[in-house]
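Enquirer: sequence first, predicted model second:
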Amino acid sequence: MNIKEKIEHDLKEAMKAKEELRLSVLRMISAALHNKEIEKRGRGMSAELGEEEIIAVLRSEAKKRREAEEGFEKGSRPEFARKEREEMKIVETYLPAELPDEDLERIVSEVIAAAGEVAENDFGRIMGEVMKRVKGQATGDRVSGFVRKYLKK
């Protein structure tokens, strides 16, 4: 069962169980995936989303929740921050496990070693290659931090 099928299955289960928060989040995810399919179709491509595209949409939705949570915390609205945190946890259940720091460090060092002599202005090229290798198993923020650390050495 792929991620999209699991989301659809869990959506039905949440309806049956009358789990309002979970149902709301799963509907939001489903709508985001549907919008991505429409966007893709508009560019003349096949409307079916691949696993990597689905993961990208899920990461985007999790990031939105994380940023909203931070905003509510800064705005002294802990009840809304808690709700965003709970929504983010639901979204994250559909994401693959994050790569451990050691593995991410190893990948970054391998890419930099393969690129030869690099400078800070090679950041984009290195970042792109690392993101291809991690295939959705690490957020861009984490990868960026490791790449910047290695480029400054």
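Expert: Thanks, I have it. Just so you know, these numbers come straight off a predicted model, no measurement behind them.
Enquirer: gap between the residue most central in space within the chain and R82?
Expert: Nearest to the mean C-alpha position of the chain, counting by C-alpha atoms, centre = their mean, stands R59 at 1.7 Å. Using C-beta to C-beta, to the nearest Å, R59 is found at 22 Å from R82. In this view, the C-beta of every residue, glycine as well, is placed from N, C-alpha and C.
Enquirer: can you tell me the helix or strand for Y150?
Expert: helix 140-152 (DSSP states H and E).
Enquirer: and that helix, what does it pack against?
Expert: Under the contact criterion of 3 or more C-beta pairs under 8 Å, 6 or more residues apart in numbering; DSSP states H and E, helix 140-152 touches helix 101-115, helix 123-134.
Enquirer: got the domain boundaries for the protein?
Expert: Domain assignment for the chain by automatic domain parsing gives 3-92, 101-152.
Enquirer: want to try JSON lines for the ones you listed, with mean pLDDT as columns?
Expert: Conversion of these to JSON lines gives the following (pLDDT from 0 to 100):
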{"stretch": "domain 3-92", "mean pLDDT": "92"}
{"stretch": "domain 101-152", "mean pLDDT": "86"}
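Enquirer: and the residue of the chain most remote from its centre, which of the three is it?
Expert: Computed with C-alpha atoms, centre = their mean, the residue of the chain farthest from its C-alpha average is E117, at 30.7 Å. Look at E117: counting by DSSP: H, G, I helix; E, B strand; the rest coil, its state is coil.
Enquirer: how about Q137?
Expert: Classification of Q137 using three-state DSSP returns coil.
Enquirer: that one - nearest residue in space that isn't next to it in sequence?
Expert: Closest residue to Q137 apart from its sequence neighbours, by C-beta to C-beta, 6 or more residues apart in numbering: L99 at 4.5 Å.
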